[in-house]
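> Need the 3D shape of this:
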Amino acid sequence: MSPADTIDSAQFSLPLRVFDVKSRPSEYVMSSKVPADLKYTKSHEWVRVEGNVATVGISDHAQHELTDVVFVELPAVGRKVKAGEACAVVESVKTASDIYSPVSGEVTKINQAAVDQPALVNSDPYGAGWFFQVKLSQTTELAGLLDSSAYSKQIGG
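Have a look, this model is predicted:
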């Protein structure tokens with residue numbers, strides 16, 4: 001290598017930004033979304049309650065952990081579920097996971113779009129990627145679920 005092949009680093013000045021953990025801009029911090037209007041389980045399901053109907057899905061944190069969701073199996077409409085009961089399955093390129101009903105009641109509706117397009121679970125876990133709805137039989141169970149603050153602490157947020 002001749003002197004003509006070398007680069008004089010003094011000719012180049014690249015801006016260098018150094019961030020410590022406390023001063024990093026938010027776009028550099030990986031964090032899961034945890035909407036405040038939902039309730040959560042320790043097993044990463046969420047519940048949105050409207051009247052006596054609970055909509056159930058998995059959290060943003062859970063879908064990040066699963067990676068690319070490729071298959072969703074949901075409970076049949078009319079099935080009676082109990083809080084804590086495995087009633088659905090999600091498969092990703094990484095693993096398969098049971099989904100547990102956070103509440104007891106009767107399944108009144110499933111999200112066929114999530115079955116047909118499992119990637120919705122990744123792209124919109126709190127919206128188009130929901131799983132099923134349950135007509136609540138025991139509203140007192142809601143008190144045993146985590147609020148957004150407690151769930152954020154659980155996942156290290």
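> Sticking with the nearest residue to residue 115 once chain neighbours are set aside, tell me its helix or strand.
Spatially, and ignoring its direct neighbours in sequence, residue 115 is nearest to residue 72 (5.2 Å; Cβ to Cβ, 6 or more residues apart in numbering). Any C-beta I mention is one placed from the backbone N, CA and C, and that applies to glycine too. If you go by DSSP states H and E, residue 72 is part of strand 69-73.
> What pairs with that strand, parallel or antiparallel?
Here strand 69-73 has these sheet partners by DSSP bridges: strand 86-92 (antiparallel).
> so for the strand it pairs with, what's the average pLDDT?
Averaging pLDDT along strand 86-92 gives 97.
> Not counting its own residues, what contacts it?
Here strand 86-92 makes contact (Cβ atoms under 8 Å, 6 or more residues apart in numbering) with 58, 66-75, 79, 81, 96-101, 107, 118, 121, 131-132.
> Among the residues you listed, which ones are in strands?
Applying DSSP state E to the contacts of strand 86-92, the entries found in strands are 58, 69-73, 81, 96-100, 107, 132.
> farthest-separated two in the residues you listed?
The most widely separated members of the ones in strands among the contacts of strand 86-92, counting by Cβ to Cβ, are 70 and 81 (24.1 Å).
> Give me the more crowded residue out of those two.
In this view residue 70 and residue 81 are compared by other Cβ atoms under 10 Å, and residue 81 has more residues nearby, 22 against 16.
> Please identify the buried residues of the strand holding residue 72?
69-70, 72-73 (16 or more other Cβ atoms under 10 Å).
> ok, of those residues, which one's closest to residue 51?
Out of the buried residues of strand 69-73, the member with the shortest distance to residue 51 (by Cβ to Cβ) is residue 72, at 25.4 Å.
> Could you tell me which residues make contact with that closest one?
Residue 72 neighbours (Cβ under 8 Å, 6+ apart): 88-91, 114-115, 118, 121, 131.
> just the buried members of these?
Neighbour-count burial (16+ other Cβ under 10 Å) applied to those gives 88, 90-91, 114, 118, 121, 131.
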